[in-house]
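K.L.:
Here's my sequence, what's the structure:
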Amino acid sequence: MTVKYLLPCDCGERVVIELGQAGQRVACVCGKELTVPTMRGIKVLETAPDEAPVPSRDGNWNATRGAVFAIGLTLSVIAFGIAGYYVFQRSRLETQEYEWDRPDLANQQIDDMNDLQTYYLWMNYYTGGLGEQFPPDFVRAKKQAAEFLAIAGVAGVCGSLGLALAAAAVFAPGRRDQV
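P.N.:
Numbering: from 1, shown residues only. Have a look, this model is predicted:
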């Protein structure tokens, strides 16, 4: 069993310390930070009774902080995974405009036709109609790319919030249960 010592504070309280805490900082119940003296300085302090508890070095960590940290970290991993997926999928979309999507080139092809070719083309459209009209593929791809980027942005913000939550659980000051 290790010997415990009482470190006095200006408020009149005494904090229980051990030799292994030499040079560290401990907090008194009044909130004041006390510097633990060297081993030689500790040995001149009054010894504590055997039942006096020693302050824990990880006294700020508890089940609530652990749960908040786990939730924040899980949220950030999932959100950044979703963001990465959508950024990758966006990079695979063809958003380049091609020659066959340009009406001026189609008009040029019609101008290059002779009268009989033009008549057959007109009859084909007259009897069959133009059919259902769809925007060119690159227009649909650009719209989908914008949607993917928006989803990735929202997921990135959620991931950042998850990291902030996890960091708050680790770095936020907590109450100190010391005698």
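K.L.:
next one: phi and psi at Lys4?
P.N.:
Dihedral angles of Lys4 (phi, psi; degrees, to the nearest 10) stand at phi -110, psi 150.
K.L.:
Hmm, it is touching Val16, no?
P.N.:
Yes - between Lys4 and Val16 a contact is recorded at 5.3 Å, counting by Cβ atoms under 8 Å. All C-beta spots, glycine's among them, are computed from the backbone N, C-alpha and C.
K.L.:
what's the offset of the helix or strand of the chain with the lowest mean pLDDT from the middle of its chain?
P.N.:
Scoring the helices and strands of the chain by mean pLDDT, DSSP states H and E places helix 103-112 at the bottom, with a mean of 82. Relative to the mean C-alpha coordinate of its chain, helix 103-112 is positioned 52 Å out (Cα atoms, centre = their mean, to the nearest Å).
K.L.:
cool, and stretch 135-152?
P.N.:
In terms of Cα atoms, centre = their mean, the centre of stretch 135-152 is set 25 Å apart from its chain centre.
K.L.:
where do the strands sit along this structure?
P.N.:
Assigned strands in the chain, in chain order: 4-8, 14-18, 25-27, 33-35, 46-47 (criterion: DSSP state E).
K.L.:
Output those as TSV; include the columns mean neighbour count.
P.N.:
Putting the strands of the chain into TSV (neighbours: other Cβ atoms under 10 Å) gives the following:
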stretch	mean neighbour count
strand 4-8	19
strand 14-18	19
strand 25-27	16
strand 33-35	13
strand 46-47	10
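K.L.:
To Thr127, which of the ones you listed lies closest?
P.N.:
Evaluated over the strands of the chain, closeness to Thr127 peaks at strand 25-27, with 90.4 Å, by Cβ to Cβ.
K.L.:
Could you list the paired strands of that closest one along with their orientation?
P.N.:
strand 33-35 (antiparallel) (DSSP bridges).
K.L.:
who's in contact with the strand it pairs with?
P.N.:
Residues lying outside strand 33-35 but in contact with it, judged by Cβ atoms under 8 Å, 6 or more residues apart in numbering, are 7, 9, 15, 23-28.
K.L.:
so what does the longest helix along the chain touch, helix or strand wise?
P.N.:
Ranked by residue count under DSSP state H, the longest helix found in the chain is helix 137-171. In this structure, helix 137-171 packs against helix 63-91, with contacts taken as 3 or more Cβ pairs under 8 Å, 6 or more residues apart in numbering; DSSP states H and E.
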